[in-house]
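Trainee: Can you look at this prediction? I've put the sequence above it.
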Amino acid sequence: MSIHDDAERPIGRARGTDFFRIAEQLDDEEREIWQRTRRFVDDEVLPVINEHWERADFPRDLALRLGELGLVGDGIEGYGCPPLSPIANGLIHLELNRGDGSLGTFLGVQSGLAMRSISMLGSEEQKQRWLPAMARVEAIGAFALTEPDHGSDSVALETSARRDGDTWVLDGEKKWIGNGTIADVVVVWARDTEDEKVKGFLVEPAQTPGYRAERIDGKGSLRSVWQAHITLDGARVPESSRLPEARSFGDAGQVLAGTRNAVAWAALGHATAGYEIAVEYCSRREQFGKPLVSFQIVQHRLVKMLAEVCAMQLYCLRLGRLMDEDQLTDTIAAIAKMNNTSKAREVLSEARDLLGGNGILLENHVMRHMADMEALHTYEGTETIQTLIVGRAITGVGAFT
């Protein structure tokens, strides 16, 4: 592609970076879902997302389109969820985050956390009631685990659940709960006061006095997806709303383990955006009488960025294959999440620098991706926690405390 061709392309649109021919490793359905998501991002997300991000406005119409396009379901079988292989699901996360981290995070909460909790741990009645509507995004879900005083050590959560006849009484606080202010159903994790076991409950905010969700404002990252500080004050839910297979914190951990795969793909999406934008910008921008790509140091930096993106792609492809074979372990997911989020931050920092002063303008997208990557680097387990998970596996010594 020539420099003149680049000049007519809206910055941020996909260049189709695939140096190692990943597409040739995909089946027809995976390639189709990749292209479908890419078209949605290029044609519908990128033209409007900066305005939503700047206003901290949730793009509800784009979220609904995810359901219409058959992109919501996290590979859950049946219940109105689209059939998605682990790689197809990862490609969706790649492309959505190439466009916008807020929309990608919404999908991660909706399908990877809320829907996956119901699918893995819910009753048949609960699955029939919620999953089809959530796959269409006619119902929105949230996952309430993190608390004001318990993030990385969420196993020590203090929210309590007390049995009272055929109902449960929930008391406590949750923080950083994606979709918490707009959700139709919230998966709340609480400790049973009788046996001290962590259990899961489906709370319907509109029908639950004692549930209060306050939007967290003032964020510099993921501005177009809303997180909540939730207070549960004597909130009563029926026994039928308890997730019957959620009997310990380990069950919540099983849900979370699957999300690290999605975060690795999401980080690849952000890095891909940074690299592709930098290539386009440096092809168009002239300094000292010639395009920036004519300078050796610029080419060197672009090639180093590409090398990191390619490595992240290979990580993700292998993750998908291992999930297909039911061989993905917590350790493998942790090292992929740790590597890809860290490398994405480096690629985006290079991209912002290559764009010079224009790198801070939202119209060039890189600054938004940089800000959003800060949240991905932290949520679903910080780099430190992922490092300790892997460290324990290779040494046999737990160093968490």
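Mentor: Looks like it arrived, so ask away.
Trainee: and the residue sitting furthest away from the middle of the chain, backbone torsions?
Mentor: Most distant from the centre of the chain: Gly289, at 42.2 Å, with distances by C-alpha atoms, centre = their mean. Gly289 adopts backbone torsions of phi 90, psi 10, taken as degrees, to the nearest 10.
Trainee: again with Thr231
Mentor: The phi and psi values for Thr231, taken as degrees, to the nearest 10, are phi -120, psi 130.
Trainee: Can you read off the pLDDT for the residue farthest from the centre of the chain?
Mentor: Here the pLDDT value assigned to Gly289 is 94.
Trainee: What of the one 10 residues further on?
Mentor: What the model reports for Gln299 is a pLDDT of 98.
Trainee: go on, the one 4 residues further on?
Mentor: We note a pLDDT of 98 for Val303 in this prediction.
Trainee: Check the one 5 residues further on too.
Mentor: In the prediction, the pLDDT value recorded for Glu308 is 98.
Trainee: Also Pro10?
Mentor: You'll see Pro10 listed with a pLDDT of 81.
Trainee: For the nearest residue to it once chain neighbours are set aside, list the residues it contacts.
Mentor: Leaving out its chain neighbours, the residue that sits closest to Pro10 by C-beta to C-beta, 6 or more residues apart in numbering is Leu46, at 7.1 Å. Backbone N, C-alpha and C define where each C-beta goes, glycine included. Residues near Leu46 by C-beta atoms under 8 Å, 6 or more residues apart in numbering: 10, 12-13, 99, 365.
Trainee: let's see it at 7 Å
Mentor: Leu46 makes contact with 12-13, 99 under the criterion C-beta atoms under 7 Å, 6 or more residues apart in numbering.
Trainee: Who wins on neighbours among these?
Mentor: Ranked by the number of neighbours (other C-beta atoms under 10 Å), the contacts of Leu46 place Gly99 first, at 27 neighbours.
Trainee: does that residue really touch Val45, like I thought?
Mentor: Yes - with contact defined as C-beta atoms under 7 Å, Gly99 counts as touching Val45 (4.0 Å).
Trainee: what's the burial count for Val293?
Mentor: Residues near Val293, counting by other C-beta under 10 Å: 18.
Trainee: wouldn't it be in contact with Tyr281 here?
Mentor: No - in this structure, Val293 is not within contact of Tyr281 by C-beta under 7 Å, at 9.5 Å.
Trainee: Next, count neighbours for Arg60.
Mentor: Arg60, neighbours per other C-beta under 10 Å, totals 13.
Trainee: Quickly note the distance from it to Thr181.
Mentor: 12 Å (C-beta to C-beta, to the nearest Å).
Trainee: Please spell out which residues along the longest helix along the chain are buried.
Mentor: Longest helix in the chain, counting residues (DSSP state H): helix 249-284. For helix 249-284, the neighbour count (16 or more other C-beta atoms under 10 Å) marks 249, 251-252, 254-284 as buried.
Trainee: picking up where we left off before, contact partners for the residue farthest from the centre of the chain?
Mentor: Gly289 neighbours (C-beta under 7 Å, 6+ apart): none.
Trainee: Quickly find the element holding Val169.
Mentor: In the assignment (DSSP states H and E), Val169 maps to strand 167-178.
Trainee: counting contacts, what elements does whatever helix or strand Arg36 lives in pack onto?
Mentor: According to DSSP H and E, Arg36 maps onto helix 28-40. Under the contact definition 3 or more C-beta pairs under 7 Å, 6 or more residues apart in numbering; DSSP states H and E, helix 28-40 sits against helix 86-99.
Trainee: which SSE is Phe143 in?
Mentor: Assessed by DSSP H and E, Phe143 sits inside strand 141-144.
Trainee: Now that strand: average pLDDT?
Mentor: pLDDT averaged over strand 141-144 gives 98.
Trainee: change the start of the numbering to 59 and stick with it
Mentor: Shifting the count to begin at 59 puts that one at strand 199-202.
Trainee: Name every strand pairing with it and say which way it goes.
Mentor: According to DSSP bridges, strand 199-202 has the following sheet partners: strand 243-250 (parallel).
Trainee: Compute the inter-axis angle for the strand it pairs with and helix 307-342.
Mentor: Relative orientation of strand 243-250 versus helix 307-342 (axes from the mean of the first three to the mean of the last three C-alpha atoms, to 10 degrees): 140 degrees.
Trainee: Span of stretch 97-109 from start to end?
Mentor: 20 Å (C-alpha to C-alpha, to the nearest Å).
Trainee: Please point out which parts of the strand holding Val227 sit buried.
Mentor: 226-236.
Trainee: Dump the residues you listed to JSON lines, plus pLDDT and distance to Leu290.
Mentor: Shown next, in JSON lines, are the buried residues of strand 225-236 (pLDDT from 0 to 100; distance: C-beta to C-beta, whole Å):
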{"residue": "Trp226", "pLDDT": "98", "distance to Leu290": "11"}
{"residue": "Val227", "pLDDT": "98", "distance to Leu290": "9"}
{"residue": "Leu228", "pLDDT": "98", "distance to Leu290": "4"}
{"residue": "Asp229", "pLDDT": "98", "distance to Leu290": "6"}
{"residue": "Gly230", "pLDDT": "97", "distance to Leu290": "5"}
{"residue": "Glu231", "pLDDT": "97", "distance to Leu290": "7"}
{"residue": "Lys232", "pLDDT": "96", "distance to Leu290": "7"}
{"residue": "Lys233", "pLDDT": "97", "distance to Leu290": "12"}
{"residue": "Trp234", "pLDDT": "96", "distance to Leu290": "15"}
{"residue": "Ile235", "pLDDT": "97", "distance to Leu290": "11"}
{"residue": "Gly236", "pLDDT": "96", "distance to Leu290": "17"}
